[in-house]
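# what's the 3D shape of this:
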Amino acid sequence: MSLPRAAKRSARRAASAAVRVTTSPAAMRSRAVAGLWGAAVTAPGLSDRSRGRLADLLHTRLLAAGQPERAARVSAAALRRVGSPKLRAEILARQAVAELDAGTPPSLPAAVTAQLALADARLARGDVAGAVGFVEAAQRQVFDRRLHFDRLTSPLAEDARAFLAPWHASAAVRALSAPRGRRGEPAPAPTDRPLRLLMVTYGNHGFLDLIRRHFDERPDVELRFLDPGEDGTHVPLLNNRRAMAQQILAGDTTYGDKVSEWLAPQVEWADVVFVDWCAALAVLFSLLDPGSTRVIVRLHSFEAFAAWPHLVDFSRVDDLVFVSDHLRDLTVAAVPAVTAAGTRLHVISNAMDLSAFGRPKDDEARFTLGLVGIKAVAKDPRWAVEVLRHLRAHDERYRLLLFGRDLDADASPDSRHYWDGFLADIAELEPAGAVVRVGQVDDVPAALSRVGVILSSSVRESFHCGLVEGAASGAVPVVRDWPFFAGRPASARSLFPADWVVDTPAEAAERILAVTATEDSWRKAGESAAEHAVATWDWPPVEHQFDQLVAGRTVRTSGGD
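Okay, here's the model as predicted:
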């Protein structure tokens, strides 16, 4: 090797070593060192690509140093000198993803704005496919599951309008939910034949079974049921969000023809279409002009934190149903098209048959807490374990039964972090029998007969059927004031009786200790809870609301006023 070549290679190695040392977490915590690198990345003369690579490096190292806000500032200064809008958007997107580990990404608004500016520019010149590609990139950032589902907070729940402001400012996004209208008004219910009702869902039948059975048994209703998952033929149409968006913006696509060939005959047959879950199927049905057919969509919970409602043409949805007032309020704030289209909004409790839950409880149930559902971070079973610790400090007879599948810890790094913390929490309690993971149970009423206190430890719920079923069984309800909605006009406190709802694990333990102080006080509190649950949420008081809804009459809401 020649001396000059060896010298150059040695110089490059030395320079690389210097970069590693001066961008180490310890060095980057120094304001002076970070300032020098900030000046370097904004220096004139760098090419866009070189500046972008250096900006990515500094951003990564500042995050490792625990400086997310400074990382965002340094990157923003560097990106102001990057001439290519597409390259700026790419860099911002990478940095927003990297920032997820530190919480809500500081770069997220700028990253989303950059992607959507490109989408708007493509749409303005007629490039629908290009516009949809950039909207999809922004959508993945805005509705990333780690922001809304795998943590105990969500920026959308904190302030939906502010968080989604860049999203709603986009002309391309607004075009995706712009009203396309219909060729006629929905017809009144027929008087000379049974009403033709099409009920539609994809996979999850649990919330629809009782309603479906009710209308199937009515002689004045002819019911059809559609679940594309049953034969799988049309499932690919549901899993193609890009094709949906292109059909909305361009029309006359092969994809749209396939959707019409499948669903148009169903809509033409029906007087009323009831779509459960405001997700992909709701989008597909709103691609069609329903003519005189009335369309009902029910939104449960996850959809409010997802992109699906933003693709629905609500001018073709006559009635939108929620299971609680607080979920309605969040959705209205997040999806302005819901109210802009004049869609009628209803709040109707989940359909539940509570008659089977009133079974005798053993004396030992008095000291047994139950939590139904631990498969999502939002259920926050760690809060329930903290309640148990407070109780066992007074009396070690208290124990906690956890029903349902374990959390999928591999869904994301945040899920793994939460689940590892939970397992550490119960590391000593579980072997001692103080915490029991029961798993899935086939006979829920029988399982709840073992429970004397039913908990809702969640950070968010739309309604929480498991809690209400526990209350109907005679277990004393203790409901955390769900943090996603706490302090708002509609929340857990407006849904349930005041004495059911608490703020902290310590307050929960105080309530439990008071009501379980004697067997008589515990049983009386459980009987009172069961009476309220059955009178308010059992199927008979809810049934007539679904009859009114399907018939097109005004619905008096229950369980949320």
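# alpha carbons only for contacts and neighbour counts from here, please
Noted.
# stretch 25-35 spans what distance, first to last residue?
Length of stretch 25-35, first residue to last, Cα to Cα, to the nearest Å: 14 Å.
# buried residues in it, which are they?
By neighbour count on 16 or more other Cα atoms under 10 Å, the buried set for stretch 25-35 is 25, 27-29, 34.
# can you tell me how far Arg389 sits from Ser457?
From Arg389 to Ser457 the distance is 14 Å (Cα to Cα).
# show residues contacting the one helix or strand Ala72 maps to.
Here Ala72 sits within helix 68-79, counting by DSSP states H and E. For helix 68-79, the external contacting residues (Cα atoms under 8 Å, 6 or more residues apart in numbering) are 38, 41-42, 51-52, 55-56, 58-60, 62-63, 88, 99, 102, 106-107.
# need the contact list for Glu386.
Glu386 sits in contact with Pro505, where contact means Cα under 8 Å, 6+ apart.
# from here on, call the first residue 56.
Let's use 56 as the start, then, which means that last one is Glu441.
# can you tell me the helix or strand for it?
helix 436-447.
# may I see the buried residues of that helix?
So for helix 436-447, counting by 16+ other Cα under 10 Å, buried means 436-446.
# so Leu462 belongs to a strand, correct?
No: the assignment for Leu462, made by DSSP: H, G, I helix; E, B strand; the rest coil, is coil rather than a strand.
# and the closest residue to it other than its chain neighbours, how far is that from Asp199?
Counting by Cα to Cα, 6 or more residues apart in numbering, Lys430 is the residue found nearest to Leu462 once chain neighbours are left out, at 3.8 Å. According to Cα to Cα, Lys430 and Asp199 sit 19 Å apart.
# over to Thr348?
Taken as Cα to Cα, the span from Thr348 to Asp199 is 35 Å.
# tell me the contacts of Glu516?
Counted by Cα under 8 Å, 6+ apart, Glu516 has contacts 356, 537.
# what does Trp438 give?
Contacts of Trp438 (Cα under 8 Å, 6+ apart): 512, 560.
# for Trp474, same thing?
462, 464.
# how confident is the prediction for it, by pLDDT?
Here the pLDDT value assigned to Trp474 is 98.
# same question, the one 5 residues further on
With respect to pLDDT, Ala479 scores 98.
# okay, now the domains of the chain?
Following automatic domain parsing, the chain resolves into domains at 75-231, 250-407+596-606, 412-592.
# in CSV: the ones you listed, plus distance to Pro241.
What follows is the domains of the chain, written out as CSV (distance: least, Cα to Cα, whole Å):
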stretch, distance to Pro241
domain 75-231, 23
domain 250-407+596-606, 4
domain 412-592, 29
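# grab the nearest non-local neighbour of Pro241.
For Pro241, ignoring the flanking residues on the chain, the nearest one in space by Cα to Cα, 6+ apart is Ser347 at 4.0 Å.
# picking up where we left off before, would a markdown table of the buried residues of stretch 80-90 with pLDDT be doable?
As requested, these are exported to a markdown table (pLDDT from 0 to 100):
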| residue | pLDDT |
| --- | --- |
| Pro80 | 73 |
| Ala82 | 74 |
| Met83 | 75 |
| Arg84 | 76 |
| Ala89 | 69 |
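# which two among those residues are spaced furthest apart?
Pro80 and Ala89 (10.3 Å; Cα to Cα).
# low-confidence regions, this protein specifically.
56-77, 89, 611-616 (pLDDT under 70).
# which one of the buried residues of helix 436-447 is nearest Arg454?
Leu443 (6.8 Å).
# list the contacts of the closest one.
Leu443 neighbours (Cα under 8 Å, 6+ apart): 453-455, 564.
# which one of those residues is nearest to Arg471?
Leu455 (22.3 Å).
# Gln196 belongs to a helix?
Yes: the assignment for Gln196 by three-state DSSP puts it in a helix.
# save the buried residues of stretch 80-90 as JSON lines, and put in distance to Arg267 too.
Output for the buried residues of stretch 80-90, formatted as JSON lines (distance: Cα to Cα, whole Å):
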{"residue": "Pro80", "distance to Arg267": "59"}
{"residue": "Ala82", "distance to Arg267": "64"}
{"residue": "Met83", "distance to Arg267": "61"}
{"residue": "Arg84", "distance to Arg267": "61"}
{"residue": "Ala89", "distance to Arg267": "63"}
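# pipe those into a markdown table and attach secondary structure and distance to Val190 per row.
Shown next, in a markdown table, are the buried residues of stretch 80-90 (DSSP: H, G, I helix; E, B strand; the rest coil; distance: Cα to Cα, whole Å):
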| residue | secondary structure | distance to Val190 |
| --- | --- | --- |
| Pro80 | helix | 35 |
| Ala82 | helix | 38 |
| Met83 | helix | 35 |
| Arg84 | coil | 36 |
| Ala89 | helix | 34 |
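# let me know the secondary structure of Ala227.
helix.
# does the residue lying closest to it once chain neighbours are set aside lie in a helix or a strand, and which?
Nearest-residue entry for Ala227: Asp175, 5.4 Å, with adjacent residues in sequence omitted and distances by Cα to Cα, 6+ apart. According to DSSP H and E, Asp175 maps onto helix 163-179.
# flag every buried residue along that helix.
163-175, 177-178.
# try stretch 110-123
Using 16+ other Cα under 10 Å as the test for burial, stretch 110-123 gives 110-111, 113-120, 122-123.
# can you pull the contacts of Val338?
299, 363-364, 366-368.
# just to revisit the earlier point, among the contacts of Leu443, name the ones in strands.
454-455 (DSSP state E).
# just the contacts of Leu443 now: which is nearest Pro544?
Ala564 (25.9 Å).
# does that closest one really touch His445, like I thought?
Yes: counting by Cα atoms under 8 Å, His445 is a contact partner of Ala564 at 6.1 Å.
# now do the shared contacts for these two.
Joint contacts of Ala564 and His445 (Cα under 8 Å, 6+ apart) do not exist.
# give me the subset of the contacts of Val338 lying in helices.
Met299 (DSSP state H).
# export the contacts of Val338 as a markdown table, with columns for distance to Asp536 and neighbour count.
A markdown table is the format used below for the contacts of Val338 (distance: Cα to Cα, whole Å; neighbours: other Cα atoms under 10 Å):
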| residue | distance to Asp536 | neighbour count |
| --- | --- | --- |
| Met299 | 38 | 25 |
| Trp363 | 28 | 18 |
| Pro364 | 27 | 24 |
| Leu366 | 32 | 27 |
| Val367 | 31 | 28 |
| Asp368 | 34 | 26 |
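# between the contacts of Val338, which sits nearest Thr256?
Of the contacts of Val338, the one sitting nearest to Thr256 (Cα to Cα) turns out to be Trp363, at 14.6 Å.
# next one: that closest one from Glu191, what distance?
Trp363 sits at a distance of 12 Å from Glu191 (criterion: Cα to Cα).
# over to Leu263?
For Leu263, the distance to Glu191 - Cα to Cα - is 31 Å.
# again with Gly239
In this view, Gly239 and Glu191 are 33 Å apart by Cα to Cα.
# that's all I had, so thanks and see you.
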